[in-house]
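Asks: Give me the fold of what follows.
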Amino acid sequence: MGRSVTFLYGISAYVIFLVTFLYSIGFVGNILVPKSIDSGVQGAVATSIIINLALLSAFALQHSIMARPAFKRLWTKIIPKAAERSTYILMTCAALILIFVFWQPLATPVWDVGNTAFGTVLTVLFGIGWLVVLTSTFMIDHFDLFGLKQIYANLKNRNATHPGFLKVGLYRLVRHPIMTGFLIAFWAAPTMSVGHLLFALVTTGYIVIAVLHLEEKDLIAEIGNDYRAYQREVPAFVPGLGRGR
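Replies: The predicted structure follows:
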């Protein structure tokens, strides 16, 4: 890719991310989207579960494999280094879009408190969860995280500078506030269907495994003792819930 093409590619990937992120909110919350987690005609339960697990597994594999340093080293022999993060974001969006399109509803309610005060609290928490996700990206470096800094530096024929190890804002309370936000958003459901519960359980399991057993190993390899000390001082996902791993 030329520098201008790489820049336009990265901008396009970011726009697709924004649309996908907004659709994710509607999908999980059954809000204003044509296809949500509980909409559609329910098919056979066993078949629906298998399809949904396959979709979530495809997302987990894409998200984990492409994030590993070894894959990045191999991948950047094929694509420009400046486009690596944008490509990762684009492929993540593609995996999410597959979930949006092919998700099979399992609409039987596990709980329904939608018309109660507790339901209102859960609705507020749902919004707070997504807000935590978004604001947490700006507490480190939103533009680096989504590849914009890399494509802009490449356009100017410079090397992108990456943020060092930062403990700011919500990162002083938990090590992974982005994931905390997702967990809040996925579980704060006034009406929890069987399909939504499946989604929440699987994504929670994936977050715990991927973050604690994959991502943090990479962070220790990159940062070293400073990150080990951070693990001992700050809990992973829930403020005040223990220390370390």
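Asks: can you tell me which residues contact the nearest residue to Leu170 once chain neighbours are set aside?
Replies: Nearest residue to Leu170, sequence neighbours excluded (CB to CB, 6 or more residues apart in numbering): Pro177, at 3.8 Å. For the C-beta atoms, the positions are set from N, CA and C on the backbone; glycine is no exception. By CB atoms under 8 Å, 6 or more residues apart in numbering, the residues touching Pro177 are 132, 136, 139, 169-171.
Asks: could you redo those as a markdown table and give each row pLDDT?
Replies: As requested, those are exported to a markdown table (pLDDT from 0 to 100):
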| residue | pLDDT |
| --- | --- |
| Val132 | 97 |
| Ser136 | 96 |
| Met139 | 92 |
| Gly169 | 91 |
| Leu170 | 95 |
| Tyr171 | 95 |
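Asks: Which of these fall in strands?
Replies: Residues of the contacts of Pro177 located in strands (DSSP state E): none.
Asks: which of these lies closest to Phe199?
Replies: Distance to Phe199, by CB to CB, is smallest for Val132 among the contacts of Pro177, at 18.6 Å.
Asks: for that closest one, what are its contacts?
Replies: Here Val132 is in contact with 170, 177-178, 180-181, 184 (CB under 8 Å, 6+ apart).
Asks: measure it to His176 for me?
Replies: Going from Val132 to His176 by CB to CB, to the nearest Å gives 11 Å.
Asks: and the helix ranked longest in the chain, what does it pack onto?
Replies: Longest helix of the chain, by residue count under DSSP state H: helix 3-29. Applying 3 or more CB pairs under 8 Å, 6 or more residues apart in numbering; DSSP states H and E, one finds that helix 3-29 contacts helix 84-102, helix 117-140, helix 148-155, helix 177-187.
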